[in-house]
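**Q** Fold the stuff below for me.
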Amino acid sequence: MLQIHFVDGEKGGIGKSFFCRTLIDYCLFKGAFVHVVDADTTNPDVSRFYPEISSCLTFSQKESLVFEADRLMHLAASKPVIVNLPAQSHFSVREWMEKNYLLSLDDELSLEIYKWFVCTGTEDSISLFIRSLVDYRGSYVKHVLVKNLAFCQNWDFLKSDSRFVESGGLDVPTIEIGALARFEFETLASKNLTFNAATRSTPSSPSGLRMLSQKRVYDYFKRSIEALDALSLIQFYSVDPVPPPSFDSPPNRTDSKQDISTFPESPTVPETESYVIAVDF
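**A** Modelled structure (predicted):
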């Protein structure tokens, strides 16, 4: 089964890139092989963390650029693709799908399209999610609501939101993402540290994080793994297929497949009061 996973949110500064990195690191932690596509060409803040498995492309309504995104299908033919979408890309992405008849797929193509929509719980963020649900209604595009707990802790209000209910929002799979303290968030970004690298620091390959900071990153990543495991939406390839010519072969990850139980135990630490997840670098 071919898979394309879009990470969306239609706004900047909502934790979209942060969640996209979480999704990619989850796949790599599981020993899976994926393609990473950064469609935010003005600020490719995801591809710089994974240069060996990443490329950039543009979704555009300009006639000269509209077919550039066709490379996604070429990439998806070999392994799942995770796409970091820029803000305000809804119409250009939907136009690309329409022109390539991806909104009414037949079973012969064997393609699954997922839209992981990062939401902050604000009225405008919820409205953008509802618009996406309505615009893709009846298509093969499947939505996942990503609730960013750094912005909103209690999401019960959605049950009484008539627009959300009528759009089918209650039937959409959901996942919650937590938050990191400002120091850890900025350290990972400034050092281009993946979650895997930050939680597996060794004397020969230090992460630059203090012990309690590493513990907090560890806790966030472990909870994310458990949540993504529960959804079970990503098709894993534990053996790397032959990559397309435009990509370098990913590094050998034969030892990276682990179970959550292999995480070392670490002491409990108090919760921090300063949280940031919402900055797109």
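**Q** Could you confirm Val146 falls within a helix?
**A** No. With DSSP: H, G, I helix; E, B strand; the rest coil as the criterion, Val146 is strand rather than part of a helix.
**Q** Give the phi and psi angles for the residue lying closest to it once chain neighbours are set aside, as a check.
**A** In this structure, Val146 finds its nearest non-sequential neighbour in Val118, 4.4 Å apart by Cβ to Cβ, 6 or more residues apart in numbering. Just so you know, the C-beta spots here come from the backbone N, C-alpha and C atoms, and that holds for glycine as well. Main-chain torsions, Val118, degrees, to the nearest 10: phi -80, psi 130.
**Q** Name the SS class of Ile126, please.
**A** On the three-state scheme (three-state DSSP), Ile126 is labelled helix.
**Q** could you pull out the helices for the stretch 101-250 of the chain?
**A** Using DSSP state H, counting those that start in this stretch, the helices of the stretch 101-250 of the chain run over residues 123-135, 162-166, 182-190, 195-199, 211-231.
**Q** Nearest to Leu28, out of those helices?
**A** helix 195-199 (6.0 Å; Cβ to Cβ).
**Q** Please look at the residue nearest to Val146 and Gly15 and confirm they touch.
**A** Yes. Counting by Cβ atoms under 8 Å, Val118 touches Gly15, with 5.7 Å between them.
**Q** residues shared between the contacts of those two?
**A** Common neighbours of Val118 and Gly15 (criterion: Cβ atoms under 8 Å, 6 or more residues apart in numbering): 9, 148, 177.
**Q** Let me know the closest of those residues to Gln235.
**A** Closest approach between the shared contacts of Val118 and Gly15 and Gln235, by Cβ to Cβ: Ile177, at 21.5 Å.
**Q** from memory that closest one sits against Phe19, does it?
**A** Yes. Contact criterion Cβ under 8 Å: Ile177 and Phe19 qualify, at 5.5 Å.
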